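Asks: what's the 3D shape of this:
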Amino acid sequence: MRQGRMTPGRARAIATISIGLALAGGACRGDGLIDLSETFDAEIVTPDTTMLVNEVGVFRAVATYTFGLGAPTQISWGISDTSKAFLVVRPDLTATVSPIDTGEVRVVAVINGAFTDSVTLTIVRAGFVRWRQNVAGAVTLNPAIGADSNIRAVHGTTLSTRTPSGELLQTTESCNGRLGPSVSIDNDAYVTGANCTRRHTADGVGVWAHQSGGLGLAVARDSGAVVLAGDTVIRLSKLGAVVWSDTLGGSARTAPVVHSNGDIYVAWSAGANADSVSQIAGDGTVNWTVGVPGVPDYASPAIVGGSVVFSHPGGLFAVDATGAITWERVFAADNAAATDSAPTSSPVLDGAGTIFVLTSDALYSYSATGQIIWYADSLGYGTPTTGVGAPTLLSNGTVLVPCQSPTAPAVREVCNVEGEDGGLVWRSAFGSGTVEGVVVGREGTVIAMRTRAGGGGEIAGVWSRLRLEPLGWPTEGGSERRTRRK
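Replies: Numbering: from 1, shown residues only. I've put the predicted structure just below:
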């Protein structure tokens, strides 16, 4: 059975059987018989009581005799509503349940004619809203998922932490971030805003604050932060000290990314037709700066192999480790309905280098060499308030994107589409408001950051069982923790 994170629905039942046996040399009753109490402890063993339609669940009844004559000789299974699930029974105390419709059913096990255990199974569809909570302040594009599986999100100047089931663990004052928090491997959360960068421990306690900020930051392997502060790149240590700083020739337009070898990539602009990308070594040395066709707008680059792929309003390009532009694409050349300056998300790449990028007009897929594979006009993001939420790659080859409603363009939902051709798998309708960005928790729940129709923010969980694609650059600007490094 696929792993899940729902609260297990185990219920234990004890059956006691009195057996009278004539044994020599025991404590006897008046009739010469000894009373022996034989108990078996039986339960249905299942890791999850919530399943998706068409998902297969395996339930095993376990009967343990503490004293007695042997294993149970009979077991029977029952299910309360056969219209919602099929039940297939095997003789080894196992039943396979295949849900075919939403609702609740009860799976029951009977051993040796005695009721032993039952479990209520809740059947849902992928894309159903699991939970939703209002939050104060404007939401950022994406939350971050820590190594502890908890969700960190920035809304207004608040950093909040929630469990995968939506339980609020803590809120704390932080910075007004644009691209959401980044979380280190030890679950420290880093948040940067216009004039502020803060580090928080796993339980939300502020460790230090720095009076510089930017569009976003990257968390390096040593858990130190690289921060963009306007026209300056600042390398902070884990303790908040400035390790080095480099002044750019213009204003940074995106969060940096850190390669596994320590090199840092940042895009910046000195004005019209003066766009550049710089590679900075881990010690702060600027290795090179090259002119490029455009720079991102709240969209972080993605690293795959020896290439770094940048998106910008209207197109994509890739540079290699030497700064050479290896290819360039313009969306309008591939899609006649595209606008020349369509706001664009961060690119995401799977393990083979296939690129997915979302614009206000459409969702696109390109090969690792920049060749168009497909595009879907029906999956555009719509008019953004800041940046465009990026696609998220899932382990079954599908892609999650925030997408416009087909009937109400002002409403933005969550769409799951096939990575091969962009075909719609499911659409999750929230009814009003807009989805700004999505990320997938470690156990598969989709977490959406939303702006409500009347204003204000919302965080919502959507049912899914699919995990992040482990080999790619799976979410906006980097890993699920927003570390923005390979």
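
Asks: what sits against Val62?
Replies: Contact partners of Val62, counting by CB atoms under 8 Å, 6 or more residues apart in numbering, are Ala42, Glu43, Val45, Leu93. In short, each C-beta sits where N, CA and C put it, glycine included.

Asks: pLDDT weak spots in the stretch 1-150 of the chain?
Replies: Applying pLDDT under 70 to the stretch 1-150 of the chain picks out residues 1-41, 47, 65-73.

Asks: let's go with 80 and repeat that
Replies: Scanning the stretch 1-150 of the chain for pLDDT under 80 picks out 1-42, 46-48, 62-74, 91-93, 112.

Asks: ok, of the contacts of Val62, which come out buried?
Replies: Ala42, Glu43, Leu93 (16 or more other CB atoms under 10 Å).

Asks: and which of the contacts of Val62 is nearest Gln404?
Replies: Nearest to Gln404 among the contacts of Val62: Val45, at 44.2 Å, using CB to CB.

Asks: now the closest one, nearest residue through space, not along the chain?
Replies: Leaving aside its sequence neighbours, Val45 sits nearest to Arg60 (CB to CB, 6 or more residues apart in numbering; 4.9 Å).

Asks: what bridges to the one you found?
Replies: Val45, Thr94 (DSSP bridges).

Asks: that one reaches Thr94, doesn't it?
Replies: Yes - Arg60 is within contact range of Thr94, at 4.9 Å (criterion: CB atoms under 8 Å).

Asks: and the helix or strand harbouring Val107, what other elements does it pack with?
Replies: Element membership for Val107, per DSSP states H and E: strand 103-111. Applying 3 or more CB pairs under 8 Å, 6 or more residues apart in numbering; DSSP states H and E, one finds that strand 103-111 contacts strand 34-45, strand 57-65, strand 75-79, strand 94-99, strand 114-124.

Asks: now distance to Val105 too, for those strands, in JSON lines please.
Replies: Output for the helices and strands packed on strand 103-111, formatted as JSON lines (distance: least, CB to CB, whole Å):
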{"stretch": "strand 34-45", "distance to Val105": "13"}
{"stretch": "strand 57-65", "distance to Val105": "11"}
{"stretch": "strand 75-79", "distance to Val105": "6"}
{"stretch": "strand 94-99", "distance to Val105": "8"}
{"stretch": "strand 114-124", "distance to Val105": "5"}
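
Asks: so which of those comes closest to Val388?
Replies: The nearest among these, by CB to CB, is strand 114-124 at 29.0 Å.

Asks: doesn't Gly204 make contact with Asp188?
Replies: No - checked against CB under 8 Å, the pair Asp188 and Gly204 is beyond contact range at 10.3 Å.

Asks: in terms of neighbours, single out the busier of these two.
Replies: Under the criterion of other CB atoms under 10 Å, the comparison of Asp188 against Gly204 puts Asp188 first, with 21 against 17.

Asks: looking at the contacts of Val62, spot the one nearest Ala272.
Replies: Within the contacts of Val62, distances to Ala272 taken as CB to CB reach their minimum at Val45, with 65.5 Å.

Asks: wait, what's in contact with that closest one?
Replies: Contacts of Val45 (CB under 8 Å, 6+ apart): Arg10, Phe59, Arg60, Ala61, Val62.

Asks: repeat the analysis, applying 10 Å as the threshold.
Replies: With contacts taken as CB atoms under 10 Å, 6 or more residues apart in numbering, Val45 has the following neighbours: Pro8, Arg10, Val58, Phe59, Arg60, Ala61, Val62, Leu93, Thr94, Asp117, Val119.

Asks: of the residues you listed, just the buried ones, PyMOL syntax please.
Replies: Per 16+ other CB under 10 Å, the buried members of those correspond to this PyMOL selection:
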select buried, resi 59+61+93+117+119
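
Asks: for the contacts of Val45, give me a markdown table that also has distance to Val219.
Replies: Converted to a markdown table, the contacts of Val45 look like this (distance: CB to CB, whole Å):
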| residue | distance to Val219 |
| --- | --- |
| Pro8 | 34 |
| Arg10 | 39 |
| Val58 | 40 |
| Phe59 | 42 |
| Arg60 | 42 |
| Ala61 | 47 |
| Val62 | 44 |
| Leu93 | 48 |
| Thr94 | 45 |
| Asp117 | 46 |
| Val119 | 41 |
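
Asks: and which of the contacts of Val45 is nearest to Val304?
Replies: In terms of CB to CB, no member of the contacts of Val45 lies closer to Val304 than Val58, at 37.6 Å.

Asks: show me the contacts for that closest one.
Replies: Val58 neighbours (CB under 10 Å, 6+ apart): Met1, Val45, Thr46, Pro47, Val88, Arg90, Thr94, Ala95, Thr96, Val97.

Asks: out of these, who's nearest Glu469?
Replies: Nearest member of the contacts of Val58 to Glu469, counting by CB to CB, is Met1, at 21.5 Å.

Asks: what's the burial count for Glu104?
Replies: 12.

Asks: who touches both of Asp188 and Gly204?
Replies: Common neighbours of Asp188 and Gly204 (CB under 10 Å, 6+ apart) are Arg152.

Asks: and stretch 145-158, how far out from the chain middle?
Replies: In terms of CA atoms, centre = their mean, to the nearest Å, the centre of stretch 145-158 is set 11 Å apart from its chain centre.

Asks: oops, could you answer that again for stretch 397-411 instead?
Replies: The answer for stretch 397-411 is 17 Å, by CA atoms, centre = their mean.

Asks: what about that stretch, how long is it end to end?
Replies: 26 Å (CA to CA, to the nearest Å).

Asks: cool, and stretch 235-249?
Replies: For stretch 235-249, the end-to-end distance is 17 Å (CA to CA).

Asks: in that stretch, what's buried?
Replies: Buried residues in stretch 235-249, counted by 16+ other CB under 10 Å: Arg235, Leu236, Lys238, Asp246, Leu248.

Asks: mind checking the pLDDT average for it?
Replies: For stretch 235-249, mean pLDDT is 94.
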